[in-house]
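1. Build me a structure from this.
(chains A and B)
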Amino acid sequence: MTSFPWLSLIVFLPLAGALLCLLVKAEAARWLALGVTVADFVLSLPLWWLFDSSSAGMQFVERASWISSPPVQYNLGLDGISFPLVLMTTFLMPFCVTVSWTAIDKRVQLFMSMLLVMETAMLGVFVALDFVLFYVFWEAMLIPMYLLIGVWGGPNRLYAAIKFFLYTLAGSVLLLVAILALYFQGGHTFDILALSRGTYGASLQMWLFLAFFAAFAVKVPMFPFHTWLPDAHVEAPTAGSVILASVLLKMGTYGFLRFTLPMLPDATASFTKPMIALSIIAIIYGAYMALAQTDIKKLIAYSSVSHMGFVTLGIFVLNIQGIEGAVMQMVNHGITTGGLFLCVGIIYERTHSRQIQDNTGLAGPMPRYALFLMIFALSSLGLPGTNSFVGEFLVLAGTFVWSQFATALAALGVILAAAYILWLMQRVVFGTPAAAHRAHLLDLNARETATLIPLIILVFALGIFPNPLLSRMHASVTHLIGGLKGPAVAVERQQTSVPADQATATISAALSPSSSEQAAPR
Amino acid sequence: MTFPLQDLITILPELIVIGMACLILALDPILEASKKDVLAWLTLGALAICIGLTSSQMPGRVSAFSGMVVVDAYAAFWKLLLYIVTGLTVLLSLAYLKAERLSIGEYYGFILLALAGMMVMVSGADLLTIYLGTELMSLSLYVMAGLKRTEARSLEASAKYFVLGAFSSGILLYGISLLFGLAGSTGLAAIAAAIATHGTGDPLLSLALVLLTVGFGFKLAVVPFHMWTPDVYQGAPTSVTAFMAVASKAASFGAFLRVFVEGLGAASADWSVLFTVICLATLALGNLVAIVQTNIKRMLAYSSIAHAGYALIGVVVAGGHRAEGASTGFASVLLYIAIYSFMTLGAFALIGMLRKEGQESDQIEDYAGLAKREPLAAFFMLVFLVSLAGIPPTAGFIGKFYIFMAAVNGGMTWLAIVAVIFAAISAFYYLRIVMVMYMREAEGAIATQSRLETSPALSLVLACALAGVVLLGLFPNGLWSLASQAAPLLK
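-> As a prediction, the model looks like this:
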């Protein structure tokens, strides 16, 4: 615990940068945005060491009154679930700036400013401990994202931007009503922790669950609310796609973990089956759709639907492996899919096409690029040794405990992922070079290499040494599971916790011999 | 018969406003055309004095003229809001009248007379006083709507407004006379007492209630009494449109709430059902018809209809639920209208001064590429539109937050759900303007594209409106406590 306002600084530094960006020239705005995002990352780094991984409570808490009646507080805090997401966000933002360095050449100031506003809003969502404050950050993100897609996006950007906006807004307005209903039922407070401690009637929980679901499922996006995602991903500029895929989607799953599970345990227990069914449909359907795509970005977008299906699957099997795997997968998907979108952005800048057929055979002219793309691709399909393997494995281990049949279905998604990713790689990396572009394809320049290297490092770091991150979320996830009072869940947990814990320990030990002493106490 | 001095002191702000209006009308023919700005500054001076006077009257409740007029926190809240929006309108008019070459000194006189009428409306504790205030306001506005004498649309607006306004005044008067027949008095307190003794079962009372609703419905521009609004808002000079959309709506809400709470509070179960229907119709029609508009003034007219619908939610909830729920319901209406005033005024100020080739360019198409030509103006418009759509962290969100909160508190969660869905729909047409400004390229030669005609006065208006929208969104405590203190209580 510390009295230094870490979180406020981390959240609002980008906003200050956003205002400054509007006042300077284009080139200065680029450097300013880079400086601010890097500074924000550096500022968030100490949290890694200051974070007390033995505590399940909120850390770095800041409290102040915002609105006196009704009592809306400016409450910020981090726990093991939000902590990895905050670091992931601050880590990724500098690359959103660097990848836009030359790709964005009109209205640079506004673009950089919107990126920074997005960063403030996204970080705010993850650290807010007051429901209204959370909602304010949650909604405040819509306008900058709308502009990012609509102003700097592809040919069909207007449609994609308004579709993104209306989908997410329609989902989240119901959340507002649910927040207000909770306020009056939950002891006249918007404090998330206090609301999580309350108990609510069964029918109220059902309604609230549906309202929360409307907001979060659209954001994730869960099948069948995913249709905005391919449009938004494809039309958004690269930085926008990275933000969308890496951070925005996580806000939906984060919402489930922060609100749905702790506040509505009974409804969660009774909705487990449909939620898992939707997750598995998303995994398989997303993968099938990815197989059929000819546009690289669209392919990755559908693979996101599939990967996010793993996250929601892990959340709703309601055990520790599942949820730790889900949080892990949230971070991994952020890094891997972020990396893939960065790669697509880099090649789009050269060939001005996202079609697979226009971008074949890149291994010859761009060997370094091909290597990086390959690593992200293999990570995306969950190759052991890369980060995604850990998350997917944990989720599947958790699902196995819940139902072997469901695990088998979900594992089908992993196989399909191998199919669409390897097929994509076969064409893009090793295919016959597309004649039109061969002449002027330059390999990665220093800026682009610097953009991708840190992500590559993380792909392996988290793949080989997942424990430092897992151990930081362990206490919070255990606490979260402990709060699920539903009878069905409790029985299930008792029966299953031992073998599944062993499974985690085994995988940790197998993957990272050097950190096995860290795994031992678990 | 001599008036007691105390009564005159109580209505001093009204007297100052009327006195200044007369002074301006007298000065106007004497002043040279180039010095007509002086009249605007005189108007602002009068408003500044009134702000001081009314602030000092805020606590307590003083009746004057045998209970015809009352000055309490409720009246003071509306009056302060009216001074501010009138002041901003005057500043806007300074820029707008010049751009339109409408060198008309009596304009400021009419603004002050309309303001005096509005002040009487919100201070009236007798149906006849309120009626007189309504007429003074309306007559001034009829003239102001037709000030662009060479333009057919402006004249049409004026004529239409006059005919329908006069019609609605007649209906209002008819309702008042029925109530007089029931209660033997037009005083709100006496009417409340009469209803308390006779009960609410009298069909005449129901008829009077309906007639009053129709009468006020016209002034509030709620469905189905909204027909005049789009034409008048589009045709009137934009500074006048802003004044009508904001001040006239605020004053009408002020008078309407006082009549239905202090006079007809006992029948609240009846009128809250009536208003539920009106509220739903207003939300639906305002928001849906706004989607298809191609003229931005017309779109904002429908938007202002929709916003009256949101405010009505607070009234419905307060009427259906007494005690604590009622006071937060009314307070949320006061807060909502205040916030609505800032964002709507800001939007109209921009619309009025966005011009091409000396003409107002109020087609949505004219906004194409504005973000490139006028980045600052586009940004201001963006903030106003986002606030109108109720997206945080702007004030528009705070307004909707309190309204929805009152609805959920009053057990009308279903109404809150309907309203948030319409709020999501409304985002579509507000965002469409953002899309045109930021994502479309302008067509045609640069000379024919719309530009913002800036002036210090306009900058001041925009800065004040933006500050209102942003600061009230971030720090709503002060305004909410003012609104809670001022909110009337159902007895």
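2. Can you report phi and psi for the residue nearest the centre of chain B?
-> In chain B, the centroid-proximal residue (Cα atoms, centre = their mean) is B:K249; its distance is 2.5 Å. Main-chain torsions, B:K249, degrees, to the nearest 10: phi -70, psi -40.
3. so, in contact with chain A or not, stretch B:424-431?
-> Yes. For stretch B:424-431, a contact with chain A is found by Cβ under 8 Å from any Cβ of the partner chain, at B:A424, B:A427, B:F428, B:L431. Every C-beta, even on glycine, is put in place using the N, C-alpha and C of the backbone.
4. neighbours around the third one, how many?
-> Residues lying near B:F428 (other Cβ atoms under 10 Å in any protein chain shown) number 18.
5. Is the closest residue to B:I104 other than its chain neighbours in a helix, a strand, or coil?
-> In this structure, B:I104 finds its nearest non-sequential neighbour in B:L147, 6.4 Å apart by Cβ to Cβ, 6 or more residues apart in numbering or on different chains. What DSSP: H, G, I helix; E, B strand; the rest coil gives for B:L147 is coil.
6. phi, psi of B:L147?
-> Torsion angles, degrees, to the nearest 10, at B:L147: phi -70, psi -30.
7. same check, this time on B:E100
-> phi -90, psi 0.
8. Could you list which residues are in contact with it?
-> B:E100 is in contact with B:K148, B:P237, B:E360, counting by Cβ atoms under 8 Å, 6 or more residues apart in numbering or on different chains.
9. I'd like the distance between the first one and chain A.
-> I take that to be B:K148. 35 Å (Cβ to the nearest Cβ, to the nearest Å).
10. Check B:A266 too.
-> Taken as Cβ to the nearest Cβ, the span from B:A266 to chain A is 27 Å.
11. Quick check: that residue touching B:T200?
-> Yes. Between B:A266 and B:T200 there is a contact under Cβ atoms under 8 Å: 6.1 Å.
12. List the buried residues for the host helix or strand of A:F376?
-> Element membership of A:F376, judged by DSSP states H and E, is helix A:367-380. Neighbour-count burial for helix A:367-380 flags A:Y369, A:A370, A:F372, A:L373, A:M374, A:I375, A:F376, A:A377, A:L378, A:S379, A:S380 (criterion: 16 or more other Cβ atoms under 10 Å in any protein chain shown).
13. what's the burial count for A:E27?
-> Neighbours around A:E27, by other Cβ under 10 Å: 10.
14. Validate this expectation: it resides in a helix.
-> Yes. Assessed with three-state DSSP, A:E27 lies in a helix.
15. who in the stretch 351-491 of chain B is up against chain A?
-> Counting by Cβ under 8 Å from any Cβ, the residues of the stretch 351-491 of chain B near chain A are B:371-372, B:375, B:382, B:386, B:391-393, B:397, B:401, B:404-405, B:408-409, B:413, B:416-417, B:420-421, B:423-424, B:427-428, B:431-432, B:434-435, B:438-439, B:476-477, B:480-481, B:484.
16. Phi, psi for A:P5 please.
-> Dihedral angles (degrees, to the nearest 10) for A:P5: phi -80, psi 70.
17. Can you get me a residue count around it?
-> Residues near A:P5, counting by other Cβ under 10 Å, number 14.
18. And the one 3 residues further on, by the same measure?
-> If you count neighbours by other Cβ under 10 Å, A:S8 ends up with 16.
19. can you pull the buried residues of the helix or strand in which it is found?
-> Secondary structure from DSSP H and E places A:S8 in helix A:6-21. When burial is assessed from 16+ other Cβ under 10 Å, helix A:6-21 yields the following buried residues: A:6-8, A:10-15, A:17-18, A:20-21.
20. Nearest to chain B among those residues?
-> Each of the buried residues of helix A:6-21 was scored against chain B by Cβ to the nearest Cβ, and A:L15 proved nearest at 10.5 Å.
21. residue contacts, the residue nearest to that closest one when sequence neighbours are not counted?
-> Closest residue in space to A:L15, ignoring its immediate chain neighbours: A:T120 at 4.2 Å, by Cβ to Cβ, 6+ apart. Taking Cβ under 8 Å, 6+ apart, we find A:T120 in contact with A:V11, A:F12, A:P14, A:L15, A:A18, A:F137.
22. For the last one, give me its contacts.
-> For A:F137, the residues meeting the contact criterion (Cβ under 8 Å, 6+ apart) are A:T120, A:A121, A:M122, A:G124, A:V125, A:A128.
23. In space, what's closest to it - neighbours in sequence excluded?
-> Closest to A:F137 by Cβ to Cβ, 6+ apart is A:G124, at 3.3 Å.
24. I'd say the one you found and A:L13 touch.
-> No. Under the criterion of Cβ under 8 Å, A:G124 makes no contact with A:L13, lying 11.9 Å away.
25. For residue 234, identify the helix or strand it belongs to.
-> Here I'm looking at chain A. Assigned by DSSP H and E, A:V234 belongs to helix A:228-235.
26. right idea, wrong chain: chain B
-> Using DSSP H and E, B:Q234 maps to helix B:228-235.
27. Quick check: next helix or strand after that helix?
-> helix B:238-243.
28. what residues does whatever helix or strand comes next after that following helix touch?
-> On the C-terminal side of helix B:238-243, the nearest following helix or strand under DSSP H and E is helix B:249-258. Helix B:249-258 is contacted from outside by B:74-75, B:78, B:81-82, B:85, B:117-119, B:121-122, B:124-125, B:130, B:133-134, B:137, B:188, B:216, B:219-221, B:304, B:308, B:311, B:315, B:330, B:333, B:337-338, B:340-341, B:488, using Cβ under 8 Å, 6+ apart.
29. same thing with stretch A:359-373?
-> Residues contacting stretch A:359-373 (Cβ under 8 Å, 6+ apart): A:296, A:339-340, A:343, A:346-347, A:351, A:353, A:425, A:427-434, A:437-438, A:441-444, A:448-449, A:452, A:456.
30. ok, 7 Å please
-> Applying Cβ atoms under 7 Å, 6 or more residues apart in numbering or on different chains, the external contacts of stretch A:359-373 come out as A:296, A:343, A:346-347, A:351, A:353, A:427-434, A:438, A:441, A:443-444, A:449, A:452, A:456.
31. what secondary structure does the residue nearest the centre of chain A sit in?
-> With distances taken as Cα atoms, centre = their mean, A:K250 lies nearest the centre of chain A, 3.2 Å away. Look at A:K250: counting by three-state DSSP, its state is helix.
32. wait, doesn't it sit right on A:S82?
-> No. A:K250 is beyond contact range of A:S82, at 10.2 Å (criterion: Cβ atoms under 7 Å).
33. Those residues of chain A touching chain B, which are they?
-> Residues of chain A lying close to chain B (Cβ under 7 Å from any Cβ of the partner chain) are A:67-70, A:135-136, A:139-140, A:142-143, A:146-147, A:150-151, A:157-158, A:162, A:165-166, A:169-170, A:173-174, A:176-177, A:180-181, A:184.
34. can we see that at 6 Å?
-> A:67-68, A:136, A:139-140, A:143, A:150-151, A:158, A:169-170, A:173, A:177, A:180-181, A:184 (Cβ under 6 Å from any Cβ of the partner chain).
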